[in-house]
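Chemist: I need the structure of the sequence given here:
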Amino acid sequence: MEMKKILTLMYRLIFIFYVYLVMATVFFERDERRSINLIPLEMIKQQGFTLNVWGNIVLFIPLGVYAAHFLKRSTFLKVTGILFAMSMAIESIQYVLKRGASDVDDVLLNVFGGMVGYSIYAVLRSLLKTKDRLHIAICVLSLIVGIPVMGLTFLLWMSN
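Modeler: Residues are numbered from 1 along each chain as shown. Just a heads-up that it's a prediction; the model follows:
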């Protein structure tokens, strides 16, 4: 099997793990409660820049990269729309299933994190010029970030 196919396979496995990690984080590891905050920046004012705030940003950076990479013609507006729709869906499902707090700040932070990811993608696209080079770079970047995160997640799971 050639190297590009191996990288693509690994990239897809990392993506599947990423989807699992997001689902586990936003649905499965939450208290059973239902609350909603529709006042922008309220949670950030109350909590400050806590792990929750940074976690919302960091968790969605890969989604910005993946969304831009999966779209045939990715644009700022298309990716922002996808990020917003995904974040709204997550917050809505959390509310319906009583899985934590549904918060407009989460939507804002998720979209911001995703736009950081889109910016990383856009910089790589402008530097690498060809789709083939860009694809390889995104695959390698996914492995560099994904494998340690998978390992850490496994270790944390084993310790609980």
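Chemist: Only C-alpha atoms from now on, for both contacts and neighbour counts.
Modeler: Fine.
Chemist: Now the helix ranked longest in the chain: buried residues?
Modeler: If you go by DSSP state H, the chain has its longest helix at helix 131-159. Buried residues in helix 131-159, counting neighbours by 16 or more other Cα atoms under 10 Å, are found at 134, 135, 136, 137, 138, 139, 140, 142, 143, 146, 149, 150.
Chemist: Max pairwise distance over the residues you listed: which two?
Modeler: Spatial extent of those (Cα to Cα) is set by the pair 134 and 150 at 23.2 Å.
Chemist: still on that earlier bit, let's have the buried residues of helix 131-159 in JSON lines, adding distance to residue 87 and pLDDT.
Modeler: Conversion of these to JSON lines gives the following (distance: Cα to Cα, whole Å; pLDDT from 0 to 100):
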{"residue": "134", "distance to residue 87": "26", "pLDDT": "94"}
{"residue": "135", "distance to residue 87": "25", "pLDDT": "93"}
{"residue": "136", "distance to residue 87": "28", "pLDDT": "93"}
{"residue": "137", "distance to residue 87": "26", "pLDDT": "94"}
{"residue": "138", "distance to residue 87": "23", "pLDDT": "94"}
{"residue": "139", "distance to residue 87": "24", "pLDDT": "93"}
{"residue": "140", "distance to residue 87": "26", "pLDDT": "93"}
{"residue": "142", "distance to residue 87": "21", "pLDDT": "92"}
{"residue": "143", "distance to residue 87": "24", "pLDDT": "92"}
{"residue": "146", "distance to residue 87": "21", "pLDDT": "91"}
{"residue": "149", "distance to residue 87": "22", "pLDDT": "90"}
{"residue": "150", "distance to residue 87": "23", "pLDDT": "89"}
